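Chemist: Just the structure for this:
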Amino acid sequence: MGRIIVFDVNETLLDVQTLSPYFEHMFGDKNSLREWFSLLLLHSEAATLAGPYFDFGTLAGAALDMIGASRSQRVTEVEKKKILDAIVRLPPHPEVKHALGILKNAGLRMVTLTSSSQKAVEQQVHNAGLMEFFEKNFSVDAINRYKPAPEAYRMVAAALGVETGQLRLVAAHDWEHSGRDAGWLLRGIYRAKGPGLVSTDTTAGCDWSRPQRRGRTNRTPRKGLAANYSCFTSSFNRVSWNEGGASEQ
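Modeler: Next comes the predicted model:
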């Protein structure tokens, strides 16, 4: 059975914290980046639940307006453009390329799934120097439903011609793993801090050698990506998954 890893992009692969100087300069508040990111997530979920759908760039600009309004400060179109331009130039976290190389050398297929527009994610992955690792980049724009709506994950599975149980999600945001109800059997959270992240009680190390049951995970790692991806790769090699569950090989 083919095994495919689906990566979130913003914050999981790319360092959103590099936007901090822009926000501190614009609003004079180092916490404004976290506030913006949280508003962005909130309104993307509101758009999915109630509609209408707006693309990520539009919501990002609207969230900037909201922060400005709360501070009686007008955000200009030039300032918005600076932020949006910086988003497509986000650098990868220092260990990402090495970690992805471990998975690629192990023969694992990898794709991305992001809330950014299709054009934006192509630019992001290219500018970060990560194109060689991913066979395809997916955007929620294709279905007008933001993650963690199950439709987003099912879209990826359908496009790749596999069942959702053959996909493994890697994302920094705890809320995103609620998508496991769409058929995900394993999850991995390896970043516990960052803008908009929900800190969880994670256990150092990796212990995914035991069979996983739907909607459950044994441990969530916090060590460096390279070490955890080695563990992740080892687990892929030891466990056989299907829609009904998992079993040791």
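Chemist: phi, psi of residue 107?
Modeler: phi 90, psi 20 (degrees, to the nearest 10).
Chemist: ok, longest strand in this protein?
Modeler: If you go by DSSP state E, the chain has its longest strand at strand 109-114.
Chemist: What average pLDDT does the helix or strand following that one get?
Modeler: Sequence order places helix 118-127 as the next helix or strand after strand 109-114, per DSSP states H and E. The average pLDDT within helix 118-127 is 97.
Chemist: Show me the contact partners of helix 118-127.
Modeler: For helix 118-127, the external contacting residues (C-beta atoms under 8 Å, 6 or more residues apart in numbering) are 9-10, 14, 56-57, 87-90, 112, 114, 116, 131, 134, 137-139, 141-142. Every C-beta, even on glycine, is put in place using the N, C-alpha and C of the backbone.
Chemist: Per-residue pLDDT of residue 215, please?
Modeler: We have a pLDDT of 37 for residue 215.
Chemist: what about the closest residue to residue 93 other than its chain neighbours, distance to residue 136?
Modeler: In space, and not counting its chain neighbours, residue 93 is closest to residue 15: 5.3 Å by C-beta to C-beta, 6 or more residues apart in numbering. Between residue 15 and residue 136 the computed distance is 23 Å (C-beta to C-beta, to the nearest Å).
Chemist: who has more neighbours, those two?
Modeler: Neighbour comparison, residue 15 and residue 136: the larger count goes to residue 15, with 17 against 13 (by other C-beta atoms under 10 Å).
Chemist: are any of the contacts of helix 118-127 buried, and which?
Modeler: By neighbour count, with 16 or more other C-beta atoms under 10 Å, the contacts of helix 118-127 hold 9-10, 14, 56-57, 87-88, 90, 112, 114, 116, 134, 137-139, 141 as buried.
Chemist: what element comes up after the biggest helix by length in the chain heading to the C-terminus?
Modeler: Assignment by DSSP state H gives helix 32-50 as the longest helix of the chain. Using DSSP H and E, the helix or strand that follows helix 32-50 in sequence is helix 56-70.
Chemist: so residue 168 sits in a helix?
Modeler: No - according to DSSP: H, G, I helix; E, B strand; the rest coil, residue 168 belongs to no helix; its state is strand.
Chemist: So, low pLDDT: which residues of the chain?
Modeler: Within the chain, the segments meeting pLDDT under 70 span 1-2, 177-249.
Chemist: got the domain boundaries for it?
Modeler: When the chain is parsed with automatic domain parsing, its domains come out as 4-15+90-248, 16-87.
Chemist: Go through those and pick out the most buried.
Modeler: With neighbours defined as mean count of other C-beta atoms under 10 Å, the domains of the chain peak in mean count at domain 4-15+90-248, which reaches a mean of 18.
Chemist: Among the buried ones among the contacts of helix 118-127, which pair sits farthest apart?
Modeler: 57 and 134 (21.3 Å; C-beta to C-beta).
Chemist: can you pull out the strands in the chain?
Modeler: Secondary structure of the chain (DSSP E): strands located at 4-7, 109-114, 136-139, 167-170, 187-188, 239-242, 245-248.
Chemist: Can I get the second one in CSV, CA atoms only?
Modeler: Output of strand 109-114 as CSV, limited to C-alpha atoms (Å, rounded to 0.1, in the frame of the first residue of the first chain):
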residue,chain,number,x,y,z
ARG,A,109,5.5,10.3,-1.2
MET,A,110,4.9,13.8,0.0
VAL,A,111,2.4,16.6,-0.9
THR,A,112,1.2,19.8,0.8
LEU,A,113,-2.2,21.0,1.7
THR,A,114,-2.7,24.6,2.7
